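Peer 1: Next one to model:
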Amino acid sequence: MTTNGDWLTARVRATPAALALIIGDQQWSYRELDQVVNRYCLGLQQAGVAAGHHIAVLLPNR
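Peer 2: Below is the predicted model:
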């Protein structure tokens, strides 16, 4: 089974400068997206979240 993290890591290695995400007028490369994801993951780890824990993500529905 491939995880989302595995998929992103593969994309970063293959095409780090390629366009990965567009949010409004912001554009992020795979490298930039990976850096943001890593910062969020580190924050969750520092808050005590570990493998097997459940978290929720609440986002607006536009």
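Peer 1: which stretches of the chain aren't confidently modelled?
Peer 2: 1 (pLDDT under 70).
Peer 1: what about the strands in the protein?
Peer 2: Counting by DSSP state E, the chain has strands at residues 19-23, 26-29.
Peer 1: Now do the last one: everything it contacts.
Peer 2: Strand 26-29 is contacted from outside by 16-22, 36, using C-beta atoms under 8 Å, 6 or more residues apart in numbering. Glycine gets a C-beta too; all of them are placed from N, C-alpha and C.
Peer 1: 7 Å - rerun?
Peer 2: By C-beta atoms under 7 Å, 6 or more residues apart in numbering, the surrounding residues in contact with strand 26-29 are 16-21.
Peer 1: swap in the longest one?
Peer 2: By C-beta under 7 Å, 6+ apart, the list of residues contacting strand 19-23 from outside reads 11, 27-30, 33.
Peer 1: for this structure, which residue is closest to the average position?
Peer 2: Nearest to the mean C-alpha position of the chain, by C-alpha atoms, centre = their mean, lies residue 37 at 3.3 Å.
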